[in-house]
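*Asks:* Got a predicted model here, sequence first, then my questions.
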Amino acid sequence: MDNPFTIFREAAKARLAKARGKPKPGAKQPAKGKTTAKLGGKPALKPSAKPAAKPAAKRVPGGAKKVGLKPADGWNKRNFITEVLIPSLFVPRAGGKRSKPLFPVLKAGEIGVTWIGHASFLLQAPGVNLLVDPNWAKWLKIIKRIRNPGLKIHDLPAIDLVLVTHAHFDHLDRRTLRFVAENQPIVVPFKVGNLVHDLGFQSVHELQYWDSFESGPARITLTPCRHWGARVLHDSHRGFGGYIIEIAGRTIFHCGDTAYFEGFKEIGERFKIDLALLPIGAYDPPSGREVHMNPEEAIDAFLDLGAKRMVPMHYGSFRLSYEPPDEPPARLLAAARKRGVEDRISVMVEGRPLVF
């Protein structure tokens, strides 16, 4: 998620430094013997927009790449506040009435998946329930939620394990976590644990990349991605990633937030993935940075992973970017048809469980 306050503050510092003849904040030279990697993938801009210069991404041990906070060139040619934030305040939230979901009775080897909205999922196997990136917030500071969660938080079954992919406000919502915490474990990336220690969980498990944690029948492994983990401006040390979830003889991959990167191939080589939950929205952010995949890149990632089936996520709930809310799934299905994989894409409706 692009924090507008962070982006505007960094841009202001850059302009001030330029006026004084000083280096721009964050414009560090690579240390001797180290390299910086160029961002790959397709431009996350509207076809009529001029592609912005792509800043380098810093390598993180474990194969992840951290995207810097510096806005891309030309980011200020559009006004996110007047074009997106303010108009969204006057749009009624969709999905007002939610009926209580009927969770399926699962057989051995079956996985139940309920998309709550954005990156939030309830994953079920016989006798166990997991929540990933749960968020029932109606606001992300000044950003309004434009679609209600797919089910009421009171209608959740008993939760055995909670996973959080990184510390951004749209993925780690402390109020939601406090509500669902019932003395069960929670798994977070490295250096994120202090944000959840006081919320009522039995134990907090911080993982490094490729480290695993086992709880009951579930085995959880943190995977690298191309994003960044800062919740606010001064805590860029925090980890970020996705999760491989092995349960009931099946393997699910929740990607978290990421731009496209070559690391998807390694993840696919290490694990035989049955179901990939991949982000497809927020690809035209106010900062102009390449921090999320667009739908075409999500198809590339899906194929790199070698997954059997894909469920798209991270669109339609919050206006974090310039693209229209209904554009990502339409572009995804068009790209899937072009690549001959449309029958392997499951576009879910919030609050309606599917069995895989």
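*Replies:* On my side now, so go ahead.

*Asks:* How about the secondary structure of the residue nearest the centre of the chain?
*Replies:* With distances taken as C-alpha atoms, centre = their mean, the residue of the chain nearest its centroid is Asp257 (2.7 Å). Using DSSP: H, G, I helix; E, B strand; the rest coil, the structure places Asp257 in coil.

*Asks:* Also Val204?
*Replies:* Taking three-state DSSP, the label given to Val204 is strand.

*Asks:* re the thing from before, ok, now which ones touch the residue nearest to the centre of the chain?
*Replies:* Residues near Asp257 by C-beta atoms under 8 Å, 6 or more residues apart in numbering: 1, 119, 165-166, 168, 171, 225, 227, 240, 279, 291-292, 314. C-beta coordinates here come from the backbone N, C-alpha and C atoms, glycine included.

*Asks:* among these, which one has the lowest pLDDT?
*Replies:* Lowest pLDDT of the contacts of Asp257: Met1, 59.

*Asks:* Got the phi and psi for the nearest residue to Phe261 once chain neighbours are set aside?
*Replies:* Distances taken as C-beta to C-beta, 6 or more residues apart in numbering place Arg226 nearest to Phe261, at 3.9 Å, with adjacent residues excluded. Phi and psi for Arg226, reported as degrees, to the nearest 10, are phi -120, psi 90.

*Asks:* who's in contact with Arg226?
*Replies:* By C-beta under 8 Å, 6+ apart, the neighbours of Arg226 are 39, 57, 64-65, 67, 258-261, 263, 291.

*Asks:* Between the residues you listed, identify the one with the most neighbours.
*Replies:* Ranked by neighbour count (other C-beta atoms under 10 Å), these have Thr258 at the top, with 30 neighbours.

*Asks:* For the nearest residue to that residue once chain neighbours are set aside, give me its contacts.
*Replies:* Among residues not flanking Thr258 along the chain, Cys225 sits closest, at 3.6 Å (C-beta to C-beta, 6+ apart). Going by C-beta under 8 Å, 6+ apart, Cys225 touches 64-65, 240-242, 255-258, 261, 263.

*Asks:* sorry, back to before: which among the contacts of Arg226 gets closest to Thr82?
*Replies:* Val291 (22.1 Å; C-beta to C-beta).

*Asks:* sorry, back to before: distance of the residue nearest to Phe261 relative to Tyr260?
*Replies:* Using C-beta to C-beta, to the nearest Å, Arg226 is found at 7 Å from Tyr260.

*Asks:* cool, His254 as well?
*Replies:* Distance from His254 to Tyr260, by C-beta to C-beta: 17 Å.

*Asks:* One more: Gly63?
*Replies:* For Gly63 relative to Tyr260 (C-beta to C-beta), the value is 14 Å.

*Asks:* what do you get for Ala298?
*Replies:* Taking C-beta to C-beta, one finds Ala298 at 8 Å from Tyr260.

*Asks:* try Thr114
*Replies:* Taking C-beta to C-beta, one finds Thr114 at 27 Å from Tyr260.

*Asks:* ok so, going back, per-residue confidence for the residue nearest to Phe261?
*Replies:* In this prediction Arg226 is given a pLDDT of 86.

*Asks:* now do Pro101
*Replies:* Value for Pro101, per-residue pLDDT: 87.

*Asks:* Begin at 31, not 1, for the rest of this chat.
*Replies:* Right, with 31 as the first residue, what we last looked at is Pro131.

*Asks:* I believe it is in a strand; please confirm or correct that.
*Replies:* No. Applying three-state DSSP, one finds Pro131 to be coil, outside a strand.

*Asks:* Enumerate every residue touching it.
*Replies:* 144, 180-181, 185, 381-383.

*Asks:* mind running it again at 7 Å?
*Replies:* 144, 181, 185, 381, 383 (C-beta atoms under 7 Å, 6 or more residues apart in numbering).

*Asks:* can you give me the strands for the stretch 81-230 of the chain?
*Replies:* Taking DSSP state E, counting those that start in this stretch as the criterion, the stretch 81-230 of the chain contains strands spanning 87-90, 94-97, 142-147, 150-155, 158-162, 169-170, 173-174, 191-193, 215-219.

*Asks:* Now mean pLDDT and distance to Val226 too, for the ones you listed, in a markdown table please.
*Replies:* Shown next, in a markdown table, are the strands of the stretch 81-230 of the chain (pLDDT from 0 to 100; distance: least, C-beta to C-beta, whole Å):
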| stretch | mean pLDDT | distance to Val226 |
| --- | --- | --- |
| strand 87-90 | 62 | 21 |
| strand 94-97 | 76 | 21 |
| strand 142-147 | 97 | 18 |
| strand 150-155 | 97 | 16 |
| strand 158-162 | 97 | 13 |
| strand 169-170 | 92 | 18 |
| strand 173-174 | 92 | 22 |
| strand 191-193 | 98 | 9 |
| strand 215-219 | 97 | 6 |
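
*Asks:* Looking at the contacts of Asp287, which is nearest Tyr352?
*Replies:* His322 (12.1 Å).

*Asks:* show me the residues around the closest one that make contact.
*Replies:* His322 neighbours (C-beta under 7 Å, 6+ apart): 287, 289, 309, 311-313.
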